[in-house]
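Q: no FASTA, just this:
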């Protein structure tokens, strides 16, 4: 029955994502290491969720509007903090990075994302 619930949830996911890490590669000629982008998962079913958050601060009368982005993806995937996640959903593609550890549940995991600004 577990697979039935998981399939039902995943049927709502209309996006696809590829997840990248920085992999250290050593040049055998000069013995220097460099980092290259390496895909650890490709074309994974997923869903992006957007939430608009309005908040005011003590020093401001105007509400500041920010957007929270959350990725829903299969719970068995191990996605390290700081990796790059390229998501295509509704005909649009964007690069994100996860901002920390995911919330893992029985049938999915949720990862808070922010726009990718480059490798640290």
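A: Perfect, thanks for sending it. Small disclaimer: the values here were computed from a predicted structure and weren't measured.

Q: Can you give me the distance of residue 27 to residue 119?
A: Counting by C-beta to C-beta, to the nearest Å, the separation of residue 27 from residue 119 is 19 Å. Glycine gets a C-beta too; all of them are placed from N, C-alpha and C.

Q: Over to residue 101?
A: In terms of C-beta to C-beta, residue 101 sits 19 Å off from residue 119.

Q: now for the strand ranked longest in the chain, which elements pack on it?
A: Assignment by DSSP state E gives strand 33-55 as the longest strand of the chain. Applying 3 or more C-beta pairs under 8 Å, 6 or more residues apart in numbering; DSSP states H and E, one finds that strand 33-55 contacts strand 15-26, strand 64-73, strand 84-89.

Q: Could I get the pLDDT score of the residue sitting furthest away from the middle of the chain?
A: Most distant from the centre of the chain: residue 29, at 35.6 Å, with distances by C-alpha atoms, centre = their mean. pLDDT, residue 29: 85.

Q: how close does it sit to residue 36?
A: 16 Å.

Q: Of all the helices and strands in the chain, which has the lowest average confidence?
A: helix 2-10 (a mean of 79; mean pLDDT, DSSP states H and E).

Q: got the contact list for that one?
A: With contacts defined as C-beta atoms under 8 Å, 6 or more residues apart in numbering, helix 2-10 is touched by 45, 74, 106, 107, 108.

Q: three-state assignment of the residue farthest from the centre of the chain?
A: Assigned with DSSP: H, G, I helix; E, B strand; the rest coil, residue 29 falls in the coil class.

Q: Point out where the chain drops to low pLDDT.
A: 1-3, 56-61 (pLDDT under 70).

Q: List the buried residues in the least confident helix or strand of the chain.
A: 6, 9, 10 (16 or more other C-beta atoms under 10 Å).

Q: what distance separates that helix from the centre of its chain?
A: Averaging C-alpha positions (C-alpha atoms, centre = their mean, to the nearest Å) puts helix 2-10 21 Å from its chain's average.

Q: what's the answer for stretch 69-80, then?
A: With C-alpha atoms, centre = their mean as the basis, the mean position of stretch 69-80 lies at 7 Å from the chain mean.

Q: Please apply the same query to stretch 74-94.
A: On C-alpha atoms, centre = their mean, the centre of stretch 74-94 falls 4 Å from that of its chain.
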